[in-house]
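In: Would you be able to build a 3D model of this:
(one chain, ligands or ions: 1)
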Amino acid sequence: MFDVLIVGGGMVGASLAVALKPLKLKVGLIEAYNFGVAEQPSYDDRSIALSYGSSRIYQGMGIWGKLRSGVESIQHIHVSDRGHFGAARMEATEENVPALGYVVESRVLGKLLYDELATGEIALLVPAKVYGVEQSADSVQVQIERNGVVDTLQTRLLVVSDGRDSSVREALGIDSIRSEYHQTALIANVTTSEPHRNTAYERFTANGPLALLPLTEGRYSLVWTHRDDEVANTLQLDDADFLRKLQLEFGYRQGAFTKVGQRAAYPLVLQKAVKEVAGRAVVIGNASHALHPVTGQGLNLGLRDVAQLADLLAETVLANSDPGAADLLARYQRLREPDHQSVVRYTDTLVRVFSNDFAPLAHARAAGLMAVDRIALLRHWNARQGMGVRQRQTRLARGLGLKQ
Ligand SMILES: Cc1cc2nc3c(=O)[nH]c(=O)nc-3n(C[C@H](O)[C@H](O)[C@H](O)COP(=O)(O)OP(=O)(O)OC[C@H]3O[C@@H](n4cnc5c(N)ncnc54)[C@H](O)[C@@H]3O)c2cc1C
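Out: Presented below is the predicted three-dimensional model:
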């Protein structure tokens, strides 16, 4: 019998498994794909903006020092609205932090997480697929298929981190609300003639937001939102035409765009589970909340799920109590709810207000951006939202190890 079984070894599930390593719990991680194979959906070509708060969580887990050399820091953020006046700027020095955030390639993060998991404390069931779950009063039975062999595992707590289209969430009978943006994110690494100087850009356009995130080796990671019916056009362009189109959309703030790498597309929706808990199971990460990538909040929100759950599980170890107990999971849901609601509202409002060329709204946006730029309190609120430090601070989020 496991104490904790985690389904889904993407960035969120694997981070939780690493966080739980020091605890005296029998923990297993079930992941459908070996790390590094092309089908693995979590560790692909995308880059992730980790908030300052997430860097603290990884520090609390004891792995930030190892990740630090593979990330680029964000010192300055510039937010603008294409074709309209007004821009807002945020600075790490003004917020008294070493960086507003850090950019890391998801494969680099994944490699570190899986290296950390290879030390033996966590039972790795990889590759293996969960295809059914059943619950009784004191355990969850999890049906898996591994190398063509079918098996049933038992656990006191099941953590569901199998991503946006979570089949396990469905099997548990947890409904989710889905809302279409009719937008697709096109991602690629690009190079500009001017050095990035650790500046991230978020530029709102009528088709959706366009972000440039400073990356190692002087590159930028581009997340360029398109209307669904437009994206095929841009994907098909040859490199020179692609760079010309990007230049028109972004302008010359970084000089000329000189190079583009491989491109990939991600259809965007907002999907939110109506609740996080069913019996002895809890959903976290994208299985609970899949967001638009505007301002890069999705993984950061998932890592705060990880930090909260790890804190509560550390308490159960100290109290020698049941890790799947109803009161513990109810507490988890109560503690995470305000953060979930606030980030869903924040990202959804940004996308809907800014992907709109209705003139009065455009004027209000310009006024809003100028206000954020000029009023220190507003700027500070926005910076802290982006840095992921406005929420209740768990031990890991304070950069501390779990209680043991
Ligand atoms: C273009 C883009 C840019 C983004 N940029 C940012 C950013 O800058 N900052 C940020 O914070 N977030 C960002 N995000 C969001 C971030 O990528 C996600 O929040 C994060 O990947 C979610 O991780 P997860 O582990 O919850 O889910 P996933 O990454 O979907 O992982 C789920 C895992 O579960 C496994 N799995 C599925 N079903 C089963 C099964 N039945 N049995 C076993 N295993 C199973 C899958 O193989 C997979 O490994 C971005 C997203 C996109 C699309």
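
In: Return the mean pLDDT over the biggest helix by length in the chain, rounded to an integer.
Out: The residue-count maximum for a helix in the chain (DSSP state H) belongs to helix 326-354. Per-region confidence: helix 326-354 scores 90 on mean pLDDT.

In: how about it: buried residues?
Out: 328-329, 332-333, 335-336, 339-340, 343-344, 346-348, 350-351, 354 (16 or more other C-beta atoms under 10 Å). (Glycine included, C-beta is placed from N, CA and C.)

In: my read: Leu23 touches Gln404, true?
Out: Yes. Counting by C-beta atoms under 8 Å, Leu23 does reach Gln404; the two are 7.0 Å apart.

In: Touching both of those two, which residues are there?
Out: Common neighbours of Leu23 and Gln404 are listed as 314, 317 (criterion: C-beta atoms under 8 Å, 6 or more residues apart in numbering).

In: Could you check which of these two has the larger neighbour count?
Out: Leu23 (21 against 9; other C-beta atoms under 10 Å).

In: how about that one, what does it touch?
Out: 310, 313-314, 317, 402, 404.

In: re earlier: would you tell me whether the longest helix of the chain gets close to the ligand?
Out: No. In terms of C-beta under 6 Å from any ligand atom, no part of helix 326-354 sits within range of the ligand; the closest distance is 10.0 Å.

In: For that helix, name the packing helices and strands.
Out: strand 176-192, strand 208-214, strand 264-273, strand 277-278, strand 281-283, strand 289-290, helix 298-319, helix 359-374 (3 or more C-beta pairs under 8 Å, 6 or more residues apart in numbering; DSSP states H and E).

In: Up against the ligand, what does the stretch 201-350 of the chain have?
Out: 223, 266, 285-286, 293, 296-300, 302.

In: Scan the residues you listed and report the most crowded one.
Out: Counting neighbours by other C-beta under 10 Å, Gly285 comes out on top of these with 29 neighbours.

In: Tell me the one of the buried residues of helix 326-354 nearest Ala185?
Out: Val351 (11.2 Å; C-beta to C-beta).

In: Touching, the closest one and Ser179? I think so.
Out: No. With contacts defined as C-beta under 8 Å, Val351 does not count as touching Ser179, sitting 10.2 Å away.

In: Contact partners for Leu237?
Out: Counting by C-beta under 8 Å, 6+ apart, Leu237 touches Lys245.

In: how close does it sit to the ligand?
Out: 19 Å (C-beta to the nearest ligand atom, to the nearest Å).

In: same deal with Leu100?
Out: 13 Å.

In: if we can go back for a sec, buried among the contacts of Leu23? Make that a PyMOL selection.
Out: Buried members of the contacts of Leu23, defined by 16+ other C-beta under 10 Å, are picked up in PyMOL with:
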select buried, resi 310+313+314+317+402
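
In: so which of the contacts of Leu23 comes closest to the ligand?
Out: Lowest distance from the ligand to the contacts of Leu23 (C-beta to the nearest ligand atom) belongs to Ala310, with 15.1 Å.

In: Not counting residues beside it along the chain, what's closest to that closest one?
Out: Ala19 (4.2 Å; C-beta to C-beta, 6 or more residues apart in numbering).

In: Ala397 too?
Out: Ala397 sits nearest to Ala307 (C-beta to C-beta, 6+ apart), 5.1 Å away.

In: Now for the one you found, how many residues are close by?
Out: 28.

In: isn't it right next to Leu16, touching?
Out: No. Checked against C-beta under 8 Å, the pair Ala307 and Leu16 is beyond contact range at 9.3 Å.

In: helix or strand for Gly173, which one?
Out: Using DSSP states H and E, Gly173 sits within no helix or strand.

In: So for it, what's the pLDDT?
Out: 97.

In: Test my guess that it contacts Val277.
Out: No. The criterion here is C-beta under 8 Å, and Gly173 misses it with Val277 at 11.6 Å.

In: neighbour-wise, which of those two wins?
Out: A side-by-side neighbour count of Gly173 and Val277, using other C-beta under 10 Å, places Val277 first with 19 against 9.

In: got the contact list for stretch 159-174?
Out: Taking C-beta under 8 Å, 6+ apart as the rule, stretch 159-174 contacts 4-10, 12-13, 16, 41-42, 130-133, 158, 176, 269, 271, 273-276, 278-279, 281-288, 290, 302, 309.

In: in the stretch 101-250 of the chain, what residue is nearest the ligand?
Out: For the stretch 101-250 of the chain, C-beta to the nearest ligand atom, closest residue to the ligand: Gly163, 2.6 Å.

In: and if you look at the chain?
Out: Gly10 (2.1 Å).

In: And that residue, how close does it get to Gln404?
Out: 27 Å (C-beta to C-beta, to the nearest Å).
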